[in-house]
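In: Kindly generate the corresponding structure for this input.
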Amino acid sequence: MTDYLRMRVKDYEELTKVIAQKKQRLASYYGIDEAKDQAKFDVMIKGERGMEGLETQKGRASRDIEKALDLFDIWRIWLKEIPGIGPALAGSLVLLYYSKNVPVCQKCGGDLEKIEGGMQCKECGAKAKADGVLQYREEKRDFPNISKWWAFMGRHTVDGVMPKRKAGTVSNWSTKGRTLGFHIGDQFNRQKDDHPYKAFMLERKKKHAKNHPDWSKGHIHNAAKNEAVKLFLAHFWTVAREIDGLEVTEPYAGCIMGHTGIIRPFYWDEPEKV
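Out: Now for the predicted structure:
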């Protein structure tokens, strides 16, 4: 079930990357600044050989992801109801939460672990290149509380800020998860003001502007967007646990980010909906 979804998500990601690179090359060649002249850029892109085909393939990949997601309750009865959370974002999120591919040593079958510059077997010590042809086995992930889920997605804080990667150090959080969170935040920011996650973001911006007059507008915006993403991830964790019939613990201090009570997941009535 996850193998097919993983393959289609990978197709979508690769096509998205190719399209972005091609657009950058075209913008440079024609001397068009997309940010300043979007209309001219769009006309140029539509007339460029090959772009239509790439966009068609990307659309097909998105539809394939949606078909694969129909096998997952969390998409079928919750995620698909949330404006801004389309199949591509949902597919990546579901894969990160529910499963992981563990690379295995081709010599002894032991688990490979990341080291600087590649991977190494925990059992026999054999090394493998990180970009080589690896064999994997699938394992189910488990996040017993929201804090562990936040940390895995790179939304935890160290000395008050989200940690950054350091040269020579293997991070214990997912780069893909961190990036996915940024995309989710951007999608919420594009929604109308009455969208519940957008409304939450706006409420946090007002609070930060009042409590931190020394913060720049960019700092306030990014802080509020990060909190909206964390709220959504907490809701994802809660819904997933309720669907699976697992224990749901409250976030630390019994609340989320300064609120006096638990904010139940938006677009989710009761577990009985399953």
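In: how near is residue 29 to residue 44?
Out: Between residue 29 and residue 44 the distance is 10 Å, computed by Cβ to Cβ, to the nearest Å. All C-beta spots, glycine's among them, are computed from the backbone N, C-alpha and C.
In: Neighbour count: the two, which is higher?
Out: Neighbour comparison, residue 29 and residue 44: the larger count goes to residue 44, with 18 against 10 (by other Cβ atoms under 10 Å).
In: What is the longest helix of this protein by residue count?
Out: For the chain, the helix that runs over the most residues, judged by DSSP state H, is helix 2-30.
In: Run a quick neighbour tally on the residue nearest to residue 68 when sequence neighbours are not counted.
Out: Closest residue to residue 68 apart from its sequence neighbours, by Cβ to Cβ, 6 or more residues apart in numbering: residue 5 at 4.1 Å. Using other Cβ under 10 Å, residue 5 has 25 other residues around it.
In: wait, what's in contact with residue 5?
Out: Taking Cβ atoms under 8 Å, 6 or more residues apart in numbering as the contact definition, residue 5 lies against 65, 68, 69, 72, 91, 94, 95.
In: I figured residue 241 hits residue 234, correct?
Out: No - between residue 241 and residue 234 there is no contact under Cβ atoms under 8 Å: 10.8 Å.
In: What is the neighbour count of residue 16?
Out: For residue 16, the count of nearby residues is 15 (other Cβ under 10 Å).
In: Using the three-state scheme, assign the nearest residue to it once chain neighbours are set aside.
Out: In space, residue 16 comes closest to residue 58 once its chain neighbours are excluded; the distance is 6.6 Å by Cβ to Cβ, 6+ apart. For residue 58, the assignment made with DSSP: H, G, I helix; E, B strand; the rest coil gives helix.
In: Which pLDDT does the model give residue 58?
Out: At residue 58, the pLDDT value in this model is 92.
In: hang on, isn't it packed against residue 15?
Out: Yes - under the criterion of Cβ under 8 Å, residue 58 lies in contact with residue 15, with a separation of 4.5 Å.
In: now the strands for the stretch 1-150 of the chain?
Out: Secondary structure of the stretch 1-150 of the chain, counting by DSSP state E, counting those that start in this stretch: strands at 99-104, 112-115, 118-121, 127-128, 135-140.
In: okay, those in CSV with mean neighbour count next?
Out: Converted to CSV, the strands of the stretch 1-150 of the chain look like this (neighbours: other Cβ atoms under 10 Å):
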stretch, mean neighbour count
strand 99-104, 16
strand 112-115, 15
strand 118-121, 18
strand 127-128, 16
strand 135-140, 11
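In: who wins for proximity to residue 49 among the ones you listed?
Out: Distances from residue 49 to each of the strands of the stretch 1-150 of the chain were compared using Cβ to Cβ; the minimum, 36.6 Å, belongs to strand 99-104.
In: related to what we said a few turns ago, rebuild the strands of the stretch 1-150 of the chain as TSV, extending it with distance to residue 11 and mean pLDDT.
Out: Written out in TSV, the entries for these read as follows (distance: least, Cβ to Cβ, whole Å; pLDDT from 0 to 100):
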stretch	distance to residue 11	mean pLDDT
strand 99-104	16	80
strand 112-115	25	77
strand 118-121	24	80
strand 127-128	25	78
strand 135-140	18	79
